[in-house]
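J.: predicted coordinates and the sequence they were generated for:
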Amino acid sequence: MRYLQKMRRFAALVCEPLRCNAPFFVFMYVLGCICAWATLPDVRGAHLYKNLYPELFLDVYVLALVLTLLPRRVRPWVRGIFYFILYAVALVDVYCFVKFHSSLTPTMLLLVGETDSREAGEFLRSCVSPDVLFSNVGWVVLVMFIHLLVALQLRFPHFVPKNWCRLFWSLLDRFGLMLKRVRIVSQLAVLILLVVSIQDSAHNKAAFVKLMSGRTIGEVEHTLTEKDKANLYQPIYRLVFSLYANTLTAKQVDRLVARVDKARVDSCSFRSPNIVLIIGESYNRHHSAQYGYCMPTTPRQQKLEKQGRLVKYTDVVSPWNLTSFVFKHIFSLYTVGDKGEWCDYPLFPAVFRKAGYHVTFITNQFLPKAGEAVYDFSGGFFLNNPKLSAAQFDTRNTKLHEFDEDLLKDYDELKGQNGDNNLIIFHLLGQHVAYRQRSPRNRKHFHGDDYKELKPNLNARERQILADYDNAILYNDSVVTEIVKKFENDDAIVIYVPDHGEECYEGDMHFFCRMHSAKVDARLAHAEFDIPMWIWCSRKYIRRRPEIFREIMSSRNRRYMTDALPHMLLYLAGISCPEYQERLNLLSPHYDESRPRILKNSADYDKLN
């Protein structure tokens, strides 16, 4: 009997937070369900987050427990604060999803921070517009309205006409009476629910703690590439994460701004009046016909190579298989193994601007947008920060496009701003997943059936994905060739280099994209880190600088990792600055080819078997 009494007391104690805060628990649980239904995507029939209901039960229970532990005088005020925060964040999150097809993200938070009073007023007015109220936002508003009526009825019994709430209260009374009759059963049910919710939620809670423990935005991003990453299933979690991510980037921005201000250019000879850098995306070198691939994916680049002015490099790797990490390495004068971090070194476009070059940046990926993923946010924050953008670029495009060829139109509109000496950076969407969307419908050359003999181990769906990837490479071939043609008659040099490689059913693997959490071995390195690279020179450039073209030809078989790219660019410009290192300049006779090529700060590429 004593054991049974203790169990009853314990069960009653567990239920006390729900008894003391019943309206709070009910309405916050309903609000959480509505937010999840409204914002969590459906992916191939997997609806919502599978542990939504138990984890939401645990989260709301913990808030109710906190309220119960507070003194009674303080409790209503804290409860009111909870209500205000949770309803406000839910309203904003669902509104953003309805209007911008994105819930709260770090970029969204930055855009909100830049909102002025007029735009804020427009936002508030749009929240009560009919089209918004009849969207999923209306469900949040409805819960708030019903909650307000119940709160008023509890506080002021005669405020709301009884005939409006008679049915509600009769049902509530009957439900309360039923609970009293089966009190011990209901208490045990709550106890069981709590145990189950803790068990089901433990993994996601641990993953969230790990996510929020990252020291840099890069660490946070890499955590999000893991298979068992945290599911930010509620608006409040997305807000907390966005605040944390912005805090991390703000620290690096401050260091970059300080470094840019201190950057020094000793001299500049303007050795190359027009330097064009084309940065590709997700390009596996072993899918390039230019490097021996069996499918004709690069006919135009091969034609340029046969003309003798395009020189391809045969042994180039990327330091990372994540775009954001690569961008931080190729834009900063930091190289793997240097002291400090990438943000402790100048950004090469800023050095070019200080030297007197006009710098143009035309991107099809890194422009701030409401639905921006963490990966793009991490890679683009130092390009889009107002101070850093102004320090690096004189000219930028302002919109993204479905296909990369539209960047050529952007350049045509902007080239009138060019000066006598120009650095022009094109950043393509390239072969970024999903591959099928990376080339227009009327430019599809390869089909799944073309790979039956080449890849007999693949099914029809996998062969079509492979065809889509090769079509994206073929389309990319046309885009980069058209960029080259823009500078045919100029005194110009063009460098093409993608950010990293890409898996697309390599060998016997039934996998595409990248294995971010896998250990880097030889197979993975060749698929995800081997990249093509070439340098093209106009006739005028070769005629005026034959010595540089000879250096390019002499260096084409050297081992290289693209974290050192800025040093070659500084040489081509004739810029002298304290950070320039000749041993990192690929074209220099003093280039250090023995420098270890460390992938992901963990594996030496040249020692992998």
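T.: Okay, I see it.
J.: residue 301 against residue 476, yeah?
T.: No. Taking CB atoms under 8 Å as the definition, residue 301 is not a contact partner of residue 476, at 9.4 Å. C-beta here means a position set from N, CA and C on the backbone, and glycine is covered the same way.
J.: looking at the two, which has the bigger crowd around it?
T.: A direct count of neighbours by other CB atoms under 10 Å for residue 301 and residue 476 places residue 476 higher, at 28 against 24.
J.: list the contacts for the more buried one?
T.: Going by CB atoms under 8 Å, 6 or more residues apart in numbering, residue 476 touches 280, 283, 404, 428, 430-431, 438.
J.: next one, pLDDT for it please.
T.: Note for residue 476: predicted pLDDT of 98.
J.: run through the stretch 151-300 of the chain and note the low-pLDDT ranges.
T.: For the stretch 151-300 of the chain, applying pLDDT under 70 flags the ranges 153-184.
J.: could you pull out the helices in it for me?
T.: Secondary structure of the stretch 151-300 of the chain (DSSP state H, counting those that start in this stretch): helices at 162-181, 183-211, 217-224, 235-262, 299-306.
J.: right, and the ones you listed - which one's nearest residue 606?
T.: helix 217-224 (23.7 Å; CB to CB).
J.: other SSEs contacting that closest one?
T.: Judged by 3 or more CB pairs under 8 Å, 6 or more residues apart in numbering; DSSP states H and E, helix 217-224 is in contact with helix 183-211, helix 235-262, helix 323-331, helix 374-384.
J.: quick one: mean pLDDT for the helix or strand that the third one is followed by?
T.: In other words, helix 323-331. Counting by DSSP states H and E, the next helix or strand C-terminal to helix 323-331 is helix 348-355. For helix 348-355, mean pLDDT rounds to 98.
J.: give the other helices and strands that the helix or strand just after helix 348-355 contacts.
T.: Next helix or strand after helix 348-355 toward the C-terminus (DSSP H and E): strand 358-363. If contacts are counted by 3+ CB pairs under 8 Å, 6+ apart, strand 358-363 sits against helix 348-355, strand 395-396, helix 406-414, strand 422-427.
J.: strand 358-363 pairs with which strands?
T.: strand 395-396 (parallel), strand 422-427 (parallel) (DSSP bridges).
J.: and the helices of the stretch 151-300 of the chain, which is most packed in?
T.: Comparing those by mean neighbour count (mean count of other CB atoms under 10 Å), helix 217-224 ranks first with a mean of 21.
J.: please identify which of the helices of the stretch 151-300 of the chain is closest to residue 53.
T.: Closest approach to residue 53 among the helices of the stretch 151-300 of the chain (CB to CB): helix 183-211, 8.4 Å.
J.: show me what the closest one is packed against.
T.: Going by 3+ CB pairs under 8 Å, 6+ apart, helix 183-211 lies up against helix 2-20, helix 52-69, helix 217-224.
J.: and it with helix 217-224, angle?
T.: Interaxial angle, helix 183-211 versus helix 217-224 (axes from the mean of the first three to the mean of the last three CA atoms, to 10 degrees): 130 degrees.
J.: helix 183-211 to helix 52-69, inter-axis angle?
T.: 100 degrees.
J.: how is the nearest residue to residue 272 once chain neighbours are set aside assigned, secondary-structure-wise?
T.: In space, and not counting its chain neighbours, residue 272 is closest to residue 572: 4.6 Å by CB to CB, 6 or more residues apart in numbering. The local conformation at residue 572, judged by DSSP: H, G, I helix; E, B strand; the rest coil, is helix.
J.: would you check that residue 572 makes contact with residue 277?
T.: No. Assessed by CB under 8 Å, residue 572 is found out of contact with residue 277, at 9.9 Å.
J.: out of the helices and strands packed on helix 217-224, flag the one nearest residue 517.
T.: helix 183-211 (12.7 Å).
J.: what's the angle from that closest one to helix 235-262?
T.: Helix 183-211 runs at 10 degrees relative to helix 235-262, counting by the same axes, to 10 degrees.
J.: residues of stretch 54-62 that come out buried?
T.: Across stretch 54-62, burial judged by 16 or more other CB atoms under 10 Å covers 54-61.
J.: now the closest residue to residue 316 other than its chain neighbours: how far from residue 219?
T.: Excluding the flanking residues, the one nearest residue 316 by CB to CB, 6+ apart is residue 533, at 4.3 Å. Distance from residue 533 to residue 219, counting by CB to CB, to the nearest Å: 28 Å.
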